[in-house]
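*Asks:* Here's a sequence, model it:
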Amino acid sequence: MDDHGVPPHRIAAVTFTNKAAREMQTRLFGLSPEDSSALLGWSRRGQGLTVSTFHAFCSRLLRHDGDRIGLDRNFAIYDDVDQIAAVKRAMDEVGVDAKTLKPRAALSGISGAKSKLIGVEGFGLRRESYVEEIIHRVYERYEDILSQASAVDFDDLLMKTYDLLRRSPEVAAIYQDRYLHLMIDEFQDTNVAQYEIAKLIADRHRNLCVVGDPDQSIYSWRNADIGNILSFRKDFPDGRLIALEENYRSTQTILDAAQGLIAANRNRVEKDLFTEKGRGKPIAVAEGYNESEEARLVVNEAARLVRDEGFMQRDMAVMYRVNAQSRAIEEACVRHGVPYQLVGSTQFYRRQEIKDLTAYLRLGANPHDDVSLARVVNVPARRIGARTVEDLTRAAREAGSSIYTVIDAIAGGQPPVAVRARQARSLSEFHDLIEGLSKAAREKSLVDLIDLVLERTGYERYAEEQDRGEERLENLREFRNSAQDFLDMEGGGDLTDFLERISLVSDVDTMNEESDAITLITLHQAKGLEYRVVFMVGMEENILPHVRSMDDEEQMEEERRLCYVGMTRAKERLYLLRAFRRAFRGGQGPSVPSRFLGDVPRELVTPMDVDFAPPRPTAKSAPSGEPAPVRTEAEPPLAAGDKVEHAKFGPGIVVQTKPSGGDLQVTVAFKDGHGVKRLLLSFAPLEKVGA
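*Replies:* Down below sits the predicted model:
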């Protein structure tokens, strides 16, 4: 822009997460007009520079021109929960039992096909097994359900963008001419569809700049294709390779350790990383007897770093291969009063009350969204039972229409399905409600619309009467706040823009970077993040590397890249831990040290100083980082039948108590799917409820 006079609106820079996109925008424009560190400055925000995620870029393109391929510009974007609901409905309607094929497996098969630009017809021609035959049937009906609901899934944002550019040369020409320069961050994470879109848009000017690292390609399970970056120079022989070898994050010891690990991989581009940050401390390696002791080592060392070396708890992260490994770490944090945040737990926008409210807003924007309609047609209860919904769904399928079209006919006195008078009245009232919300969506501001939904549906009162009613009300208020923040930040925006934004939120986007708490996170989720201190736990064969990779060389290389990503998240200190015995996947037995430990040069490693004494936290804290009650000896013991409240698991009833080594072991049956748990009274954040 400054040196070559390229207009801002002719440049697009895309990345893969909202967090990365916000970081790019902040570096370019700053956080306020007073931010002097910005490269361009606050006043240049509105000049048309495109900086976004790949999916948001494609969504905007489809909102503008998608009608050329028959796509409603007000399409809904189905998140993971919505997609699973649509797949389950598709399976039911084509007669596929969930015991034969799990809905998640069906969705994975569909997603894999779409990422390779394989539609229903193409999938049908390529199917080679009985499972693929079943997936094809589900895929076909799933697409019908999305089409009737004017909805798309995440993969459609890419596939339909490619389809639009390929089928409409005049649209392709518009974007080819507009984007003189296209830049793609994290290029190793692109799939076939994304690379093909990039090649189409860059076809005229051939100013395509991609930044990526083959050693950090870890998303093949999300259909990322490492072949894109490895074959880029063959596809663009006139391209120029610029090696970015200076690392600004980690010490040289951490970089050398990571380089020693990744050198064993074949599918990579050699590079020699260096840093000006100095050698730093050696890599610390430790072994606990079991996962509980491994967790205690982590918590003890974290407490020591805070106490003796001036680290903050938010400077640290515990990383693991699979979510199940977090349990032992969580329990150790709770037991010893260490605040933590768990990335990947139930996201704010996926909580029941938030999904319900979002469903009403979606129906206001698009009444034919069947997944949203099925979710709230009887929430709060309005005498529209499951059997009625089944009848409506069947009538819609037979007519090739949406469920709302059937309800509309019933409200108009021409029911295409037999319904009793009382049901017809209830459906007519629901129809009037949605019509009213649709009208309000066109006339009212986003925040006023949310208030109207809560009032007209009675949902606020309904939420208050549920378990954890006050918490649900707080979540609804926070959702309203997020809508106001959206309007303030964007300088405006409509309902469709807001719904799109919250549909594209990921686990990492909901992290609280300000709270002073240790982060617990999977290695996959940690991509793109950095911490002063990283603890990598579970450095054992069959965990890291994962058991599924043992007989596949390509998967083993990806496991090594995953380990590399974890190691290079650390800025100053890196700890690699394992357990001698681990209870995992229903069994327990001696474990074998990860082969990746042997790839780290020995001269860079030192045994970790093991401290088995309990840490000395300054205050007992709940998982949220808020203070939890500290117990005293004067507190009366619990007995079977007592009602209790746990800071994490919520309400429950004491089933049994018994002495345990000077403590009291309490067995509690918790509500809301948390099950039965045994807790030590002196450590558990457990409070007696009532007299």
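
*Asks:* Hmm, Met183 and Ala12 touching each other?
*Replies:* Yes: Ala12 is within contact range of Met183, at 7.0 Å (criterion: Cβ atoms under 8 Å). Backbone N, C-alpha and C define where each C-beta goes, glycine included.

*Asks:* Which helix or strand in the chain has the lowest average pLDDT?
*Replies:* Taking mean pLDDT, DSSP states H and E as the measure, the helix or strand of the chain with the lowest value is strand 587-590, at a mean of 66.

*Asks:* helix or strand right after that strand?
*Replies:* Using DSSP states H and E, the helix or strand that directly follows strand 587-590 along the chain is helix 595-599.

*Asks:* shaky segments in the stretch 251-400 of the chain?
*Replies:* Where the stretch 251-400 of the chain drops to pLDDT under 70, the residues are 345-347.

*Asks:* at 90 instead, please
*Replies:* Residues of the stretch 251-400 of the chain meeting the criterion pLDDT under 90: 266-272, 289-292, 322-328, 330-352, 383, 385-386, 398-400.

*Asks:* Show me where the stretch 251-400 of the chain has its helices.
*Replies:* 252-262, 291-309, 326-335, 352-365, 370-376, 386-399 (DSSP state H, counting those that start in this stretch).

*Asks:* Could you list the buried residues of the first one?
*Replies:* Right, the one you point to is helix 252-262. Buried residues in helix 252-262, counted by 16 or more other Cβ atoms under 10 Å: 252-262.

*Asks:* Against Arg375, how distant is the residue lying closest to Glu470 once chain neighbours are set aside?
*Replies:* Take Glu470 and drop its neighbours on the chain: the residue closest to it by Cβ to Cβ, 6 or more residues apart in numbering is Glu464, 7.5 Å away. In this view, Glu464 and Arg375 are 20 Å apart by Cβ to Cβ, to the nearest Å.

*Asks:* These two: who's more crowded?
*Replies:* The neighbour comparison of Glu464 against Arg375 (other Cβ atoms under 10 Å) goes to Arg375, with 21 against 12.

*Asks:* Surely the more buried one is in contact with Asp356?
*Replies:* Yes: between Arg375 and Asp356 there is a contact at 6.7 Å, judged by Cβ under 8 Å.

*Asks:* Find residues that contact each of the two.
*Replies:* Counting by Cβ atoms under 8 Å, 6 or more residues apart in numbering, Arg375 and Asp356 have no contacts in common.

*Asks:* Gln664 sits in which helix or strand?
*Replies:* One thing to correct before we go on: residue 664 is Leu, not Gln. strand 663-670.

*Asks:* Please report how far Arg222 lies from Leu544.
*Replies:* Taking Cβ to Cβ, one finds Arg222 at 19 Å from Leu544.

*Asks:* likewise Val655?
*Replies:* Val655 is 36 Å from Leu544, by Cβ to Cβ.

*Asks:* Contact partners for Pro415?
*Replies:* Pro415 touches 409, 424, counting by Cβ under 8 Å, 6+ apart.

*Asks:* List phi and psi for it.
*Replies:* Main-chain dihedrals, Pro415, degrees, to the nearest 10: phi -70, psi 130.

*Asks:* how near is Asp153 to Asp485?
*Replies:* 26 Å.

*Asks:* In terms of neighbours, single out the busier of the two.
*Replies:* Using other Cβ under 10 Å, the more surrounded residue of Asp153 and Asp485 is Asp153, with 24 against 10.

*Asks:* Tell me the confidence at the more buried one?
*Replies:* Predicted confidence (pLDDT) for Asp153: 94.

*Asks:* Can you point out the buried residues in the strand holding Leu664?
*Replies:* Using 16+ other Cβ under 10 Å as the test for burial, strand 663-670 gives 664, 666-668, 670.

*Asks:* what about Lys571, is that helix, strand or coil?
*Replies:* In three-state terms, and counting by DSSP: H, G, I helix; E, B strand; the rest coil, Lys571 is strand.

*Asks:* Contact partners for it?
*Replies:* 249-251, 254, 530-532.

*Asks:* Mark which of those are part of strands, please.
*Replies:* 531-532 (DSSP state E).

*Asks:* Weed out the non-buried ones from the contacts of Lys571.
*Replies:* 250-251, 254, 531.

*Asks:* Between those, which sits nearest Ala302?
*Replies:* Taking Cβ to Cβ as the measure, Ala302 lies nearest Tyr531 of the buried ones among the contacts of Lys571, at 11.4 Å.

*Asks:* so the closest one touches Met567, yeah?
*Replies:* No: using Cβ under 8 Å as the test, Tyr531 is too far from Met567 to be in contact (11.8 Å).

*Asks:* show me where pLDDT drops low in the stretch 51-200 of the chain?
*Replies:* 73-74, 79-81, 98-100, 126-129, 186, 188-189.

*Asks:* How about the stretch 551-691 of the chain?
*Replies:* Those would be 551-552, 554, 580-591, 607-691, if you go by pLDDT under 90 across the stretch 551-691 of the chain.

*Asks:* residue ranges for the strands of it, please.
*Replies:* 570-579, 581-584, 587-590, 605-607, 643-646, 650-660, 663-670, 675-680, 686-689 (DSSP state E, counting those that start in this stretch).

*Asks:* quick one: pLDDT of Thr510?
*Replies:* For Thr510, pLDDT reads 56.

*Asks:* follow-up on the earlier one: so between Val655 and Leu544, which is more surrounded?
*Replies:* Using other Cβ under 10 Å, the more surrounded residue of Val655 and Leu544 is Leu544, with 28 against 15.

*Asks:* Please name the residues that touch the more buried one.
*Replies:* 321, 523, 536, 538, 559, 562-563, 594, 596 are the contacts of Leu544 under Cβ under 8 Å, 6+ apart.

*Asks:* correct me, but Cys333 touches Arg296?
*Replies:* No: between Cys333 and Arg296 there is no contact under Cβ under 8 Å: 10.4 Å.

*Asks:* ok, those two, which is more surrounded?
*Replies:* It is Cys333, of Cys333 and Arg296, that has more neighbours when counted by other Cβ under 10 Å, with 28 against 25.
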